[in-house]
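K.L.:
for reference, the sequence and a predicted model appear below.
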There are 2 protein chains.
Amino acid sequence: MAVCEILSVGTEILLGDILNTNSRYLSVELAKIGISVLRHTTVGDNAERLAAALTTALERSDIVIATGGLGPTADDITREVCCEVMGFGIVLDREIAEGIRKFFEGRGLPMPENNLRQAYVPVGGTVFRNNNGTAPGIGLKKNGKCVVILPGPPYEMAPMYHESVVPYLTEYSDGIIVSKTVRTMCIGESAMAEKVADLLEGENPTVAPYAKKGEALLRVTAKAQTEAEALALLEPVIVDIRERLGDVVYGIDSESIEQRVVELLKEKKMTLATAESCTAGYIPKRITDIAGASQVFGYGAITYSNDVKEKVLGVKHETLVAYGAVSEQTAREMAAGIRRVSGADIGISVTGIAGPGSDGTNKPVGLCYIALDAPDEQICEKIETGRNDREYNRYVNASRALNLVRRYLEKKGG
Amino acid sequence: MAVCEILSVGTEILLGDILNTNSRYLSVELAKIGISVLRHTTVGDNAERLAAALTTALERSDIVIATGGLGPTADDITREVCCEVMGFGIVLDREIAEGIRKFFEGRGLPMPENNLRQAYVPVGGTVFRNNNGTAPGIGLKKNGKCVVILPGPPYEMAPMYHESVVPYLTEYSDGIIVSKTVRTMCIGESAMAEKVADLLEGENPTVAPYAKKGEALLRVTAKAQTEAEALALLEPVIVDIRERLGDVVYGIDSESIEQRVVELLKEKKMTLATAESCTAGYIPKRITDIAGASQVFGYGAITYSNDVKEKVLGVKHETLVAYGAVSEQTAREMAAGIRRVSGADIGISVTGIAGPGSDGTNKPVGLCYIALDAPDEQICEKIETGRNDREYNRYVNASRALNLVRRYLEKKGG
């Protein structure tokens, strides 16, 4: 298996001004094409230290991927240093220079002369086009060693990696690794793991459980020579897991609960309205993170005060007095109220105590009621996270409310 | 100035399973005590590669801080390898062993025998107590070189760093470095930099501009022997910057715009209500991230559809027909409407096109109107981010709306 090191270049990382997310991103992606990452190194914008780091990395590894330091200013030295260490000369590429000029023209900005430094390319090397910025990437291969240089900004680096670097590294790739993640809610990580205990022993695919902000996940990973073969290995295991876990599974892979809810609402041609107390905007914010949500979502009310719960949603004063704002009764009246005033098909509500303080009653921080109101069904669930973590409680309560909608819609015939 | 390297140990980092936040944290903190970080290195849980990395790091640097690999399982080898490279023997510390036993007893759990590995300490080394877990940290000093070993979990590592490592490194500390960040909105980074051009040449404090999601920031950094001296150097420069930049400055240091708005509302004993279209919950979500926001915020309406804008906020049908939902007229009527129906002192509104698609008119993605309505003032601002980035546009529009409130409240006497 080919061995790779990732070399990040940038004084801003060593000062802690920015977090090094590129190394992680590349590690995950390289594993998928069967390339082992054995070391991450970060050095500053210093030619001597960069040259030393690259030289020792090449002694140990087949591939070095360097990121950062391709910018137009004097402290951006990665291109020059790497080409020198690998023994490649550099020349001005007229086409790239023209492209950079046009990039600035298109934005109506003057081009600082410095930017032309980005148009220098290695003689005999490979140039990777940058579709999201001005600095092209570079590939250098010599004597069985390979150096890849990518721009530092993640939104330039990541697309370039997929478009150009993956094909460039084909000869080093040892088969392909494909993962899918089964996402669940309303089940603990260990309870989930028990139901698939035998699958956790599997070797290809492997199945690994982990937990994440109110969700329990199973990562299923297969290795094969082609993506199609890997997917063929994954498929039956995913089906098996889905069957065993039942309706706690809300999605596969990176699909979020809000994505799933918007899809289902579109599919069933139904609309949703929200009434929130403690989550206060978190649910509509997440729903409208999904482009096109306006087809299924028109109105959300944040009724933070009791007064507004009465006035806007028609929650009965007596309910609030008798049971308090954080109660099943209030949650149900909020959901019914928002459905009535919005005219939407489904109303959902959240009322809880996110922390750090309680609400003046003896109710515990982390307690929350979520309710769904539809013509054919009314549901209310009580959630107790047991945590005093405002952001966690708000996020998880919003997720669980969305999950109520997901379960309601999935049960409904099409 | 003493030179330091940070050595992270953990295969999970090389696989990309976790993001290396410890290196960044330590870089920021070490800079504060005048220790330069010249390299970050990550290796897996492999004795040979760890020993090699530590040995070369010690050739170049005065201090190496290693994190991770102090756990109880067989692949946790950092303690043993570091002690061996530095030439320290290890022995079982009965007191620590007893502490670990009690840690498990207190939680009603059986103690796996493996956990006793964490009770081995270097003969002649320093042991750092772990108040948040079982693995103690270790300090080794020999021949002018220093190795510090800390547990990997950030919530164990960070407190141990402050409690034990900062005093342990006193002899290497070259004074103290203190930074403050001046945060602004509604001014570009270069326009801001021009107004403080002469200050950017300063050596102590240094002043450096940077940009972040719709904000322009100035980081002011002073170096001195004590924190009080450093603050005394910073103070007049911050005052000077504030004067030059005027009311685009919304805060100093990590204070967010939502934090500032909630503080000001409390101070002025006023309440706020929100009416949102494109930001759809983002503003109330951010306001209620601040604990205690319920004193100043009671009602937010997310009026995503035109219909709801009319019904809930009383926006005139003719306004929507004549000018469209994304217009100054609609924004102003939304702000006035939410103030009227909520009874709050201030109403704010946002209506815009977040992307990726436009709204069926010829209006550009990134266009947004924000309005404020108060008894003594009505303001509307037009924003054009020029970007097709849904999350960016929504975040920046929400920030700018909050900033309208901040400016209104700061101008107000009392």
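P.N.:
Structure received. Residues are numbered from 1 along each chain as shown, chains lettered A, B, ... in the order given.
K.L.:
for A:Ala325, give its distance to B:Leu372.
P.N.:
Distance of A:Ala325 to B:Leu372, given as C-beta to C-beta, to the nearest Å: 29 Å. All C-beta spots, glycine's among them, are computed from the backbone N, C-alpha and C.
K.L.:
with A:Ile176 instead?
P.N.:
From A:Ile176 to B:Leu372 the distance is 55 Å (C-beta to C-beta).
K.L.:
does anything pack onto the longest helix anywhere in chain A? Which helices or strands?
P.N.:
When chain A is parsed with DSSP state H, its longest helix is helix A:390-411. Counting contacts by 3 or more C-beta pairs under 8 Å, 6 or more residues apart in numbering or on different chains; DSSP states H and E, helix A:390-411 is packed against strand A:176-185, helix A:257-268, helix A:282-287, strand A:346-352, strand A:367-374, strand A:377-384.
K.L.:
pairing partners for the first one, with directions?
P.N.:
Strand A:176-185 has the following strand partners under DSSP bridges: strand A:215-224 (antiparallel), strand A:249-252 (antiparallel).
K.L.:
what's the local residue count around A:Glu105?
P.N.:
Applying other C-beta atoms under 10 Å in any protein chain shown, we find 11 other residues in the vicinity of A:Glu105.
K.L.:
ok, the residue nearest to it when sequence neighbours are not counted - contacts?
P.N.:
Nearest residue to A:Glu105 in three dimensions, chain neighbours excluded: A:Met111, at 7.7 Å (C-beta to C-beta, 6 or more residues apart in numbering or on different chains). Listed by C-beta atoms under 8 Å, 6 or more residues apart in numbering or on different chains, the contact partners of A:Met111 are A:100-101, A:104-105.
K.L.:
quick one: end-to-end distance for stretch A:246-265.
P.N.:
One end of stretch A:246-265 to the other measures 21 Å (C-alpha to C-alpha, to the nearest Å).
K.L.:
same check, this time on stretch A:345-359
P.N.:
Terminal-residue distance, stretch A:345-359 (C-alpha to C-alpha): 32 Å.
K.L.:
buried residues in it?
P.N.:
A:345-355, A:359 (16 or more other C-beta atoms under 10 Å in any protein chain shown).
K.L.:
kindly identify which of those also come near chain B.
P.N.:
A:Gly355 (C-beta under 8 Å from any C-beta of the partner chain).
K.L.:
if we can go back for a sec, export only the CA atoms of the longest helix of chain A, formatted as PDB.
P.N.:
The C-alpha coordinates for helix A:390-411 follow below in PDB (Å, rounded to 0.1, in the frame of the first residue of the first chain):
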ATOM      1  CA  ARG A 390     -27.700  24.800  25.900                       C
ATOM      2  CA  GLU A 391     -26.400  24.300  22.400                       C
ATOM      3  CA  TYR A 392     -26.700  20.500  22.600                       C
ATOM      4  CA  ASN A 393     -30.200  20.600  24.100                       C
ATOM      5  CA  ARG A 394     -31.400  23.000  21.500                       C
ATOM      6  CA  TYR A 395     -29.900  21.100  18.600                       C
ATOM      7  CA  VAL A 396     -31.100  17.700  19.800                       C
ATOM      8  CA  ASN A 397     -34.600  19.000  20.500                       C
ATOM      9  CA  ALA A 398     -34.800  20.500  17.100                       C
ATOM     10  CA  SER A 399     -33.600  17.200  15.600                       C
ATOM     11  CA  ARG A 400     -36.100  15.200  17.500                       C
ATOM     12  CA  ALA A 401     -39.000  17.400  16.400                       C
ATOM     13  CA  LEU A 402     -37.900  17.000  12.800                       C
ATOM     14  CA  ASN A 403     -37.700  13.300  13.400                       C
ATOM     15  CA  LEU A 404     -41.400  13.200  14.600                       C
ATOM     16  CA  VAL A 405     -42.300  14.700  11.200                       C
ATOM     17  CA  ARG A 406     -40.100  12.200   9.400                       C
ATOM     18  CA  ARG A 407     -41.800   9.200  11.100                       C
ATOM     19  CA  TYR A 408     -45.300  10.600  10.600                       C
ATOM     20  CA  LEU A 409     -44.600  11.100   6.900                       C
ATOM     21  CA  GLU A 410     -42.900   7.700   6.300                       C
ATOM     22  CA  LYS A 411     -45.900   5.900   7.900                       C
END
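K.L.:
any idea how far that helix is from the chain center?
P.N.:
Relative to the centre of its chain, helix A:390-411 is centred 18 Å away, using C-alpha atoms, centre = their mean, to the nearest Å.
K.L.:
got the angle for it vs strand A:377-384?
P.N.:
150 degrees (axes from the mean of the first three to the mean of the last three C-alpha atoms, to 10 degrees).
K.L.:
which parts of helix A:390-411 are buried?
P.N.:
Buried residues in helix A:390-411 (16+ other C-beta under 10 Å): A:390, A:392-409.
K.L.:
next: stretch A:280-295.
P.N.:
A:280-290, A:293-294.
K.L.:
where's A:Gly246 relative to chain B, distance?
P.N.:
28 Å (C-beta to the nearest C-beta, to the nearest Å).
K.L.:
sorry, back to before: the more surrounded of A:Ile176 and B:Leu372?
P.N.:
B:Leu372 (24 against 18).
K.L.:
residues in contact with that one?
P.N.:
Applying C-beta under 8 Å, 6+ apart, the residues contacting B:Leu372 are B:335, B:346-348, B:378-380, B:401, B:404-405, B:408.
K.L.:
just send these back as CSV, with pLDDT too.
P.N.:
As requested, the contacts of B:Leu372 are exported to CSV (pLDDT from 0 to 100):
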residue, pLDDT
B:Ala335, 98
B:Ile346, 98
B:Gly347, 98
B:Ile348, 98
B:Gln378, 97
B:Ile379, 97
B:Cys380, 98
B:Ala401, 98
B:Leu404, 97
B:Val405, 98
B:Tyr408, 97
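K.L.:
before we move on, the earlier item: so which of the buried residues of stretch A:280-295 are also by chain B?
P.N.:
Answer for the buried residues of stretch A:280-295 near chain B (C-beta under 8 Å from any C-beta): A:280-289, A:293-294.
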